[in-house]
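> Fold the following for me, if possible:
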Amino acid sequence: MQSQDVAQRHTPAHSSPVVDVEQAEAALVEHYPRLVRLAYLVLPPGLGRSRRVLTAHALVQRALPRGRRQTPVIPAQSSGRDGDPGYAFVRLQVVRTALEAELPLSWNAWPKRAQLPPLLPQVWGLKLFPRSGGADELALDQRLAALTGAARAAYVLRGLERLPDGDVQRVLTAAGAEDPDAALAEANGVPAQYALLGSPEFDPCSLQARPTDLLRRRQHTRAALAAAAALAVCGVLIALPDGGWGPDGAAAPAYAKNPAAEAALDPGRLVRVAPTAWKSAARTDFSVWPARGALTGDSALLRRALAVWARPGGSVRVSATPGTQTGGPAGPPQLLYAGEVDRARVVILYDGLRIARYAEPKNGDEGAALDFARVDGATGAAASALVLGRSDGNVRYLTAPWVTKAAERDLLKPGAGAMDLDLTYGVTAPLDSPALRPGTCTSWNVLQLTGPSGTGLSTDLGELVPAHLTTGRPGQVHEASGDAALRTWAPYACSLSASRAAGVSSVNAWAYADQQLPEAGGTASWVCTRAETWRGEGSLALAQFHTPGGPYGAVAAKGAGVPACGPRDPHVLAGVLWKSGSGSWYLLAAGGRDTASVRTTGGVTADARGSRLTVRAKQGAQAQLTGTLEDGSSLSGLH
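This next block holds a predicted model:
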């Protein structure tokens with residue numbers, strides 16, 4: 001128990017509670033690196049490091065409940081992993097399947113899925129394994145390898161999860177271990193070097209890559225290509241029609257020349273904008289960015305970037321934000337940057353709808369990457385920065401030509417001020433990236449940019465374009481850089497992790513209600529954070545609840561792809577179970593200022609005039625919220 005404003009929900013490790021799939025998925029996504037590390041440490045070392053890595057990821061990705069759904073629950077406040085039944089369920093599934101992977105195959109029984117090599121994820125042509133640690137990590141790995149699977153699990157649950165022996169015993173029992181007491185006793189024989197379990201040696205999310213047997217792979221590839229070519233010739237001869245249209249209609253053969261396509265691949269025809277074009281332009285968007293970087297005259301580099309964009313080879317790693325096409329440009333794109341960034345040569349191009357980032361290593365020709373992001377409609381603050389590169393947990397940005405000053409600030413500490421960043425020809429010094437930091441959220445560093453129109457904040461969410469942060473009622477949003485806006489954002493900064501890699505263009509935080517807590521508990525705040533995407537769909541609205549003195553807000557309800565809390569529907573209603581200092585439980589609910597009444601049914605039945613409801617409840621109560629707006633229309637609560 002942390003404090004009176006935090007209500008823990010204990011789920012016995014030996015039971016099989018009905019867990020909502022979305023709740024388990026949220027726990028899996030939030031704690032994915034920790035769960036994969038747990039699976040990697042428990043899996044039998046005989047699998048080899050590369051297969052252990054892939055198997056660990058596969059086990060965690062298959063840990064969600066199947067066919068287990070329940071009516072939406074008004075959640076109690078939770079402090080991260082502690083007391084979260086979704087996390088407890090996923091962790092139990094991971095431990096159970098990791099122990100099953102060590103069971104010997106039997107001729108008279110079907111093998112369990114964990115005993116077989118994972119179909120997905122798979123990486124062809126590469127061996128993946130964690131970074132090497134020191135002598136202490138190696139010694140611990142050897143000691144753990146000598147233990148049984150159950151004893152390894154006991155040691156890891158003690159050290160990584162910080163579970164007491166009683167809880168470890170219950171988890172092992174639920175996971176199918178035959179003798180948990182013996183496993184605990186065996187684990188006692190290994191020195192308690194629990195801090196080493198957090199080493200990169202045991203981190204399957206931070207990997208090194210090496211090729212497999214190249215000679216054997218080349219022989220197999222040649223044989224496969226020969227067989228495929230023979231099969232293709234036979235298929236063409238069988239399916240060839242006597243006349244009429246072919247499968248591609250009137251399209252030209254792939255080898256025919258296309259003037260427009262050739263123009264798009266000519267580095268001499270790249271669009272280059274004058275450095276002062278933005279000063280007289282009607283719009284401040286990416287179309288008025290000049291070409292910057294020391295390699296803008298390197299025709300060979302630009303030609304490679306354009307050719308890879310049009311025809312990425314099998315060795316090129318291609319990524320795109322959701323809803324972004326990865327095809328080649330329709331005509332010559334605009335050059336925004338070409339230069340060296342950390343250990344790579346980087347080219348950034350713009351075709352009017354997309355940003356394309358090409359990167360190749362300075363040394364060697366392997367490992368090229370091509371990343372895409374939608375930016376249609378981006379203007380002003382949304383078109384003020386692009387990610388040049390990420391390295392060693394840091395991110396470096398290319399800023400718009402109208403940016404005069406760059407700084408870094410911790411969104412969790414609104415009173416700490418901002419730290420200036422060097423800005424060299426539009427390129428910032430590296431700053432800490434929250435998108436690259438696994439584990440507990442103790443800080444959330446954002447980019448603060450100043451230009452002619454004022455100061456704004458953006459945050460890295462793992463994509464090419466940082467997300468623009470705002471505050472205010474939908475339709476009346478403003479920049480999040482003022483003192484009041486920073487105080488609004490501070491308790492909810494860590495919730496931005498829910499929007500990683502989702503194609504988010506902006507996130508708005510709106511304090512829609514305050515509520516007096518029962519038993520003189522002070523005043524709580526209700527805030528809705530809404531993430532908008534470039535593609536116009538898939539938005540995420542989170543209703544969050546913050547009690548006085550608490551460092552973080554708690555997610556009370558969420559809605560994906562709904563208009564609630566946005567410009568089209570600036571209304572929101574959510575509830576939460578809260579435990580008072582005396583140990584009494586209450587259902588608290590709040591809507592926006594235009595909510596006329598609130599009603600709850602199900603496990604808790606009550607109604608109240610106005611936008612707030614407070615009623616006694618039982619721990620774990622389930623309830624459905626509805627409301628009525630002042631104009632008489634109905635309002636449903638977020639789930």
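
> Tell me how many other residues crowd residue 327.
For residue 327, the neighbour count with other Cβ atoms under 10 Å is 9. All C-beta atoms are positioned from the backbone trio N, CA, C, and that covers glycine.

> can you check the one 4 residues further on too?
Residue 331: 12 surrounding residues under other Cβ under 10 Å.

> Which residue, other than its chain neighbours, is closest to residue 298?
Once flanking residues are discounted, residue 298 sits nearest to residue 338: 6.4 Å by Cβ to Cβ, 6 or more residues apart in numbering.

> and the one you found, what element?
Assessed by DSSP states H and E, residue 338 sits inside strand 334-341.

> what does that strand contact?
270-273, 286-287, 289, 291-296, 298, 301-302, 305, 345-352, 355, 359, 362, 386, 388-389, 396, 398, 427 (Cβ atoms under 8 Å, 6 or more residues apart in numbering).

> Of these, which belong to strands?
345-350, 355, 359, 386, 388-389, 396, 398, 427 (DSSP state E).

> Including distance to residue 372 and pLDDT, could the residues you listed go into a markdown table?
Output for the ones in strands among the contacts of strand 334-341, formatted as a markdown table (distance: Cβ to Cβ, whole Å; pLDDT from 0 to 100):
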| residue | distance to residue 372 | pLDDT |
| --- | --- | --- |
| 345 | 18 | 94 |
| 346 | 14 | 96 |
| 347 | 13 | 97 |
| 348 | 11 | 98 |
| 349 | 10 | 97 |
| 350 | 11 | 97 |
| 355 | 7 | 97 |
| 359 | 13 | 93 |
| 386 | 12 | 97 |
| 388 | 15 | 96 |
| 389 | 16 | 93 |
| 396 | 19 | 96 |
| 398 | 16 | 98 |
| 427 | 21 | 97 |
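
> Residue ranges of each domain in this protein, please.
21-211, 260-377, 381-570 (automatic domain parsing).

> Out of the ones you listed, which is the most enclosed?
domain 381-570 (a mean of 19; mean count of other Cβ atoms under 10 Å).

> Can you classify residue 262 by secondary structure?
helix (DSSP: H, G, I helix; E, B strand; the rest coil).

> Below-threshold pLDDT in the stretch 151-300 of the chain: ranges please.
208-261 (pLDDT under 70).

> That one: helices as residue ranges?
Taking DSSP state H, counting those that start in this stretch as the criterion, the stretch 151-300 of the chain carries its helices at 165-174, 180-187, 214-239, 259-264, 277-280, 299-310.

> picking that back up, average pLDDT for the strand holding residue 338, rounded please.
On average, the pLDDT along strand 334-341 is 96.

> what's the answer for stretch 59-76, then?
In the prediction, stretch 59-76 has an average pLDDT of 61.

> Kindly report the same for stretch 497-506.
For stretch 497-506, the per-residue pLDDT averages 90.

> can I get the CA coordinates of it in CSV?
Provided in CSV are the C-alpha atoms of stretch 497-506 (Å, rounded to 0.1, in the frame of the first residue of the first chain):
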residue,chain,number,x,y,z
SER,A,497,4.2,5.9,-23.9
ALA,A,498,0.7,4.5,-24.8
SER,A,499,1.0,6.4,-28.1
ARG,A,500,4.4,5.2,-29.2
ALA,A,501,4.8,4.2,-32.9
ALA,A,502,1.1,4.9,-33.7
GLY,A,503,1.5,7.6,-36.2
VAL,A,504,0.6,10.4,-33.8
SER,A,505,0.7,14.0,-34.9
SER,A,506,-0.3,15.8,-31.7
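
> Residue 286 reaches residue 355, doesn't it?
Yes: counting by Cβ atoms under 8 Å, residue 286 touches residue 355, with 7.1 Å between them.

> where do the contact lists of the two overlap?
336, 375.

> Residue 551 touches residue 492, doesn't it?
No: assessed by Cβ under 8 Å, residue 551 is found out of contact with residue 492, at 11.0 Å.

> Tell me which residues touch residue 504, please.
461, 463, 467, 531, 532, 533, 534.

> Just give me the closest of these to residue 606.
residue 531 (32.0 Å; Cβ to Cβ).

> host element of the closest one?
strand 523-533.

> Rounded mean pLDDT for that strand, please.
Mean predicted lDDT for strand 523-533 stands at 95.

> which residues touch residue 361?
343, 344, 345, 367, 368.

> ok, the residues you listed vs residue 565, which is closest?
residue 344 (39.7 Å).

> beta partners for that closest one?
Under the criterion DSSP bridges, residue 344 forms beta bridges with residue 341, residue 361.

> mind listing what the strand ranked longest in the chain pairs with, with the direction of each?
Scanning the chain for the longest strand, with DSSP E as the assignment, gives strand 504-516. When pairing is defined by DSSP bridges, strand 504-516 lines up against strand 467-471 (parallel), strand 523-533 (antiparallel).

> Arrange those in TSV, one row each, with distance to residue 622 as further columns.
Listed next are the strands paired with strand 504-516 as TSV, based on distance: least, Cβ to Cβ, whole Å:
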stretch	distance to residue 622
strand 467-471	33
strand 523-533	20
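
> right, so of the ones you listed, which gets closest to residue 627?
strand 523-533 (13.2 Å).

> Let's see the closest one as CSV, backbone CA atoms only.
Extracted C-alpha coordinates of strand 523-533, given in CSV (Å, rounded to 0.1, in the frame of the first residue of the first chain):
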residue,chain,number,x,y,z
THR,A,523,-9.4,17.9,-4.5
ALA,A,524,-8.7,15.5,-7.3
SER,A,525,-8.3,16.4,-11.0
TRP,A,526,-9.7,14.8,-14.1
VAL,A,527,-7.7,15.2,-17.3
CYS,A,528,-8.4,13.8,-20.8
THR,A,529,-5.3,13.3,-23.0
ARG,A,530,-6.2,12.7,-26.7
ALA,A,531,-3.6,11.6,-29.3
GLU,A,532,-4.5,12.5,-32.9
THR,A,533,-2.9,10.6,-35.8
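
> Tell me which helix or strand comes right after the strand holding residue 531.
Sequence order places strand 540-546 as the next helix or strand after strand 523-533, per DSSP H and E.

> Export the helix or strand following that following strand to PDB, keeping only CA atoms.
Counting by DSSP H and E, the next helix or strand C-terminal to strand 540-546 is strand 554-560. Extracted in PDB, the C-alpha atoms of strand 554-560 (Å, rounded to 0.1, in the frame of the first residue of the first chain):
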ATOM      1  CA  ALA A 554      -4.000   7.000 -13.200                       C
ATOM      2  CA  VAL A 555      -5.700   6.000 -16.400                       C
ATOM      3  CA  ALA A 556      -9.400   5.600 -15.400                       C
ATOM      4  CA  ALA A 557     -10.800   4.900 -18.900                       C
ATOM      5  CA  LYS A 558      -9.700   4.900 -22.500                       C
ATOM      6  CA  GLY A 559     -11.300   4.900 -26.000                       C
ATOM      7  CA  ALA A 560      -9.600   4.100 -29.300                       C
END
